[in-house]
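Chemist: let me see the structure of the following:
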Amino acid sequence: MHNASPLASLLQRQDAAAATPRAPEPKPAGAAGLTNSWHKAMAQAFAGRGLCLQSLLDQQGLDPAEPDPRVLSDAYSGAWELAAARTGDAAIGLSVPAHPLVALGLLSHLVLAAHDLGEALQYILRFSALLSPAVCMELDQAAGQARLRVDILKGLRPTPLQRYDFIANVVLQSLNWATARRVRPLSISYPFAAPPDLGRWIEVFGCELEFNAEHFCIVFDSADLSTPIPTANASVAALCERSAAQAMMQRGGSIQVRVRQLLTQELPKGDPKREAIATLLHMSERTLQRRLLEESTSFNKLLDETRRELAARYLSRGSITATEMSFALGFADPSNFYRACKRWFGQSPSHLRSLA
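Modeler: From the prediction side, this is the model:
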């Protein structure tokens with residue numbers, strides 16, 4: 001009996017893994033978005049204005065099991081647009097749930113156990129996928145200021161101002177609750193034209209407001225990040241951090257899952273760059289690197305693994321040429337694909353195709 005080729009062995013392992021009984025797969029990020037804490041907080045805020053969030057989502061034909069976070073994000077944007085239209089209140093995004101910490105869900109315990117406001121913010125940023133799969137946050141510090149930038153995943157529908165309002169207000173209210181004091185931001189900037197009457201925004205935020213900006217940002221005095229949290233507890237924080245990391249994986253919040261999905265989508269267009277994938281995820285390249293490192297992987301490792309898995313499938317079919325495969329995998333030169341195959345499977349593409 002001939003020994004199985006490296007390609008055949010890989011495919012056999014993949015088939016065996018697929019056939020082996022296992023625990024249920026984690027829900028995709030999109031499906032989890034309909035049951036997460038942020039959804040609950042929105043539902044409470046809407047109910048306070050006589051609206052049903054689920055009804056607004058249903059009217060847009062949203063499937064509760066929708067796996068595409070862009071479609072899901074569009075649905076939530078649509079819900080905010082309908083809410084503003086039905087109430088006639090452009091400031092409806094400033095509504096809050098019964099308790100601001102309900103929006104943080106599992107992270108509320110982590111925030112309350114953090115040492116200070118800065119550490120609490122870092123926890124929120126690191127585990128933002130537990131709040132919503134469509135929201136990405138970054139924190140940069142320079143010249144005595146800390147800028148919290150919020151980006152919302154976009155599909156076909158523009159993101160309304162009310163959605164940013166809700167995020168800003170809930171985050172600020174949660175931090176104020178945790179620190180037992182009101183921390184006023186220095187300013188908040190919006191990528192929108194200013195509403196006709198800014199009275200409600202000034203009353204709620206109490207800071208300078210900037211409109212027609214490039215991004216949505218909440219700017220703090222860096223000194224405020226040292227504001228202590230009275231309930232700080234390092235042991236509890238460590239325990240909650242482990243729970244949050246586990247929940248990220250169980251709920252499909254893993255950033256590497258999203259990167260793999262985008263790599264599969266972008267590879268036929270050419271060699272995907274880390275910067276381009278970060279842009280599609282609405283985060284900086286530095287943030288992408290950090291989040292992948294937290295999951296003990298890297299962009300280059302995921303790119304190589306994704307190419308290897310796709311190559312195994314293409315080669316098993318034997319219906320396309322090695323040159324066609326190389327371009328489908330984003331290699332600019334077929335010789336690079338040849339070298340990769342030798343490294344992955346120990347044999348050339350042409351030989352592996354002949355075994356299919």
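Chemist: domain ranges for the chain, per the record?
Modeler: Domains of the chain are assigned by automatic domain parsing as 29-243, 254-355.
Chemist: the ones you listed: lowest mean pLDDT?
Modeler: Among the domains of the chain, domain 254-355 carries the lowest mean pLDDT, at a mean of 85.
Chemist: about what we covered before: got a markdown table for the domains of the chain, with mean neighbour count too?
Modeler: In this view, the C-beta of every residue, glycine as well, is placed from N, C-alpha and C. Listed next are the domains of the chain as a markdown table, based on neighbours: other Cβ atoms under 10 Å:
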| stretch | mean neighbour count |
| --- | --- |
| domain 29-243 | 18 |
| domain 254-355 | 17 |
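Chemist: which helix or strand contains the closest residue to residue 277 other than its chain neighbours?
Modeler: With Cβ to Cβ, 6 or more residues apart in numbering as the criterion, residue 277 has its nearest non-adjacent residue at 5.4 Å, and that residue is residue 262. Secondary structure assignment for residue 262, by DSSP states H and E: helix 255-266.
Chemist: that helix packs against which elements?
Modeler: helix 274-280, helix 285-294, helix 299-317 (3 or more Cβ pairs under 8 Å, 6 or more residues apart in numbering; DSSP states H and E).
Chemist: where exactly do the helices run in the stretch 51-200 of the chain?
Modeler: Using DSSP state H, counting those that start in this stretch, the helices of the stretch 51-200 of the chain run over 53-58, 69-87, 107-113, 117-126, 161-179, 199-205.
Chemist: in TSV: those, plus distance to residue 242.
Modeler: Below are the helices of the stretch 51-200 of the chain laid out as TSV (distance: least, Cβ to Cβ, whole Å):
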stretch	distance to residue 242
helix 53-58	31
helix 69-87	25
helix 107-113	10
helix 117-126	12
helix 161-179	20
helix 199-205	34
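Chemist: quick one, which of the ones you listed is nearest to residue 193?
Modeler: Across the helices of the stretch 51-200 of the chain, residue 193 has its closest neighbour in helix 161-179 (9.1 Å, Cβ to Cβ).
Chemist: what about that closest one, distance to the chain center?
Modeler: Taking the mean of its C-alpha atoms, helix 161-179 sits 18 Å from the chain's own mean (Cα atoms, centre = their mean, to the nearest Å).
Chemist: follow-up on the earlier one: okay, the angle between the helix holding residue 262 and helix 69-87?
Modeler: Relative orientation of helix 255-266 versus helix 69-87 (axes from the mean of the first three to the mean of the last three Cα atoms, to 10 degrees): 100 degrees.
Chemist: list of residues touching helix 255-266?
Modeler: Residues from elsewhere that reach helix 255-266, judged by Cβ atoms under 8 Å, 6 or more residues apart in numbering: 29, 69, 129, 272, 276-277, 280-281, 288, 291-292, 295, 297, 299, 302-303, 305-306, 310, 330.
Chemist: give me that answer again for 7 Å
Modeler: Residues outside helix 255-266 that contact it (Cβ atoms under 7 Å, 6 or more residues apart in numbering): 29, 272, 277, 280-281, 291-292, 295, 297, 299, 302-303, 306.
Chemist: make a markdown table from these and add distance to residue 141 to it.
Modeler: Shown next, in a markdown table, are the contacts of helix 255-266 (distance: Cβ to Cβ, whole Å):
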| residue | distance to residue 141 |
| --- | --- |
| 29 | 29 |
| 272 | 30 |
| 277 | 25 |
| 280 | 26 |
| 281 | 22 |
| 291 | 18 |
| 292 | 22 |
| 295 | 24 |
| 297 | 27 |
| 299 | 25 |
| 302 | 29 |
| 303 | 31 |
| 306 | 34 |
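Chemist: residues contacting the closest residue in space to residue 132 that isn't next to it in sequence?
Modeler: The shortest distance from residue 132 to any non-neighbouring residue, by Cβ to Cβ, 6+ apart, is to residue 38 (4.5 Å). By Cβ under 7 Å, 6+ apart, the contact list for residue 38 reads 103, 131-132.
Chemist: circling back to that earlier point, could you give the angle of the helix holding residue 262 to helix 299-317?
Modeler: 50 degrees.
Chemist: gap between helix 255-266 and the chain center?
Modeler: The answer for helix 255-266 is 12 Å, by Cα atoms, centre = their mean.
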